[in-house]
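Asks: sequence? don't have it. structure:
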Ligand SMILES: Nc1ncnc2c1ncn2[C@@H]1O[C@H](COP(=O)(O)OP(=O)(O)OP(=O)(O)O)[C@@H](O)[C@H]1O
């Protein structure tokens, strides 16, 4: 099988350690109509996100991810504790102008096409016509919708809708971008492309806070993650460090002879190593699928992997 093109593991965020988002004891309790305590959605969250990093907020449904994001956007007010974005209260207008937001569901005008949509949002930000025109062209190109820029959004697939939603979130060239479940409803190719767009944003120096309940979706893009469960922070750290199984050793190599394998086994046994396994590594289903699609595009009409059978 041809080697699969994958993104390298996220590099370290820029050495600039400026804190962009900070929460201290951030707590949100939703109350019912009568003001009685209803749901403790977020419990005393302490978090810091630094400039230039992709920070993943992970957790199952109902764990408090969207609540956290809305508190940071100033769309909700905390019950107690504090959230600071660029060192300011999130509800400040000056802060909002530096932020882009892709909500879990984008509510866009179905009868506008991509250009009209982005022009409309550019006007809301009072962008001068020439700047707006340039920005709309850049964004349509960036999210890969040039071919469909004149089609009304009601004709867009889920993947295309997610892309135009992202372009809309970037119209004001924000420094900080909030992406709420950006991969929801996307197929494996759409997910890979969304992840590549997120990596590109970081390469441009943006700070990205992204949520997902599909844990694997963020594994190869996020620099650091926080795992929430029932509103509580359960884990926080660099993805590579969190995923490392430090008590085991893995050696991968191509072209190892049977004799060399036997010698390696002998050494491991002499060392009294435990749980020894020698096997071919497996790929992921995502990689397998992407590979099949690439092969099919390169050689239409042929069954993938037919060379091997
Ligand atoms: N407006 C609201 N009123 C009452 N309870 C709410 C409200 N919004 C969210 N909740 C509750 O708060 C908890 C956290 O919800 P939240 O939407 O933040 O979770 P989430 O991790 O984003 O979930 P999902 O992955 O499903 O989007 C859940 O128990 C949810 O039912």
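Replies: Thanks, I have the structure now. The structure presented is a predicted model; accordingly, all values stated were derived computationally and were not measured.

Asks: Now do the helices in the stretch 1-150 of the chain.
Replies: Ranges of helices in the stretch 1-150 of the chain, per DSSP state H, counting those that start in this stretch, are 65-72, 93-96, 114-124, 129-142.

Asks: for whichever helix or strand comes after the longest one, which positions count as buried?
Replies: Which is helix 129-142. The helix or strand immediately downstream of helix 129-142 is helix 158-169, counting by DSSP states H and E. For helix 158-169, a neighbour-count test (16 or more other Cβ atoms under 10 Å) marks 159, 160, 161, 162, 163, 164, 165, 166, 167, 168, 169 as buried. To be clear about C-beta, it is placed using only N, CA and C from the backbone, and glycine gets the same treatment.

Asks: Pick out whichever of these sits closest to residue 199.
Replies: residue 166 (13.1 Å; Cβ to Cβ).

Asks: What distance do you get for the closest one to residue 190?
Replies: The gap separating residue 166 from residue 190 is 11 Å, by Cβ to Cβ, to the nearest Å.

Asks: Over to residue 164?
Replies: Taken as Cβ to Cβ, the span from residue 164 to residue 190 is 13 Å.

Asks: on that earlier part again, output the helices of the stretch 1-150 of the chain in TSV, with mean pLDDT appended to each entry.
Replies: Listed next are the helices of the stretch 1-150 of the chain as TSV, based on pLDDT from 0 to 100:
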stretch	mean pLDDT
helix 65-72	95
helix 93-96	87
helix 114-124	94
helix 129-142	94
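
Asks: Find me the pLDDT at the closest residue to the ligand within the stretch 151-300 of the chain, would you?
Replies: Here the stretch 151-300 of the chain gets closest to the ligand at one residue, residue 213, 4.5 Å apart by Cβ to the nearest ligand atom. Note on residue 213: pLDDT of 83.

Asks: Might you report the residue contacts of it?
Replies: By Cβ atoms under 8 Å, 6 or more residues apart in numbering, residue 213 lies in contact with 58, 59, 60, 61, 63, 65, 181.

Asks: Would you mind listing what in the stretch 51-200 of the chain touches the ligand?
Replies: Residues of the stretch 51-200 of the chain lying close to the ligand (Cβ under 6 Å from any ligand atom) are 59, 61, 62, 63, 64, 65, 66, 67.

Asks: As CSV, the residues you listed with neighbour count and distance to residue 120 would be great.
Replies: As requested, these are exported to CSV (neighbours: other Cβ atoms under 10 Å; distance: Cβ to Cβ, whole Å):
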residue, neighbour count, distance to residue 120
59, 24, 34
61, 7, 32
62, 15, 34
63, 22, 34
64, 25, 32
65, 27, 29
66, 19, 25
67, 22, 29
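
Asks: on that earlier part again, tell me which entries of the contacts of residue 213 lie within strands.
Replies: Secondary structure from DSSP state E places residue 58 of the contacts of residue 213 in strands.

Asks: Just put the contacts of residue 213 in CSV and tack on distance to residue 48.
Replies: Converted to CSV, these look like this (distance: Cβ to Cβ, whole Å):
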residue, distance to residue 48
58, 17
59, 18
60, 23
61, 26
63, 19
65, 17
181, 22
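
Asks: so which of the contacts of residue 213 comes closest to residue 113?
Replies: The nearest member of the contacts of residue 213 to residue 113, counting by Cβ to Cβ, is residue 181 at 25.0 Å.

Asks: I'd guessed the closest one sits against residue 194; true?
Replies: No: applying Cβ atoms under 8 Å as the test, residue 181 and residue 194 come out as separate, 10.5 Å apart.

Asks: Of the two, which one has the most company?
Replies: Relative neighbour count places residue 194 above the other of residue 181 and residue 194, with 24 against 21, counting by other Cβ atoms under 10 Å.

Asks: Can you tell me the element the closest residue to residue 227 other than its chain neighbours falls in?
Replies: Nearest residue to residue 227, sequence neighbours excluded (Cβ to Cβ, 6 or more residues apart in numbering): residue 235, at 4.1 Å. Assigned by DSSP H and E, residue 235 belongs to strand 232-238.

Asks: Describe which strands that strand pairs with in its sheet and in which direction.
Replies: Its sheet considered, strand 232-238 pairs with strand 224-229 (antiparallel) by DSSP bridges.
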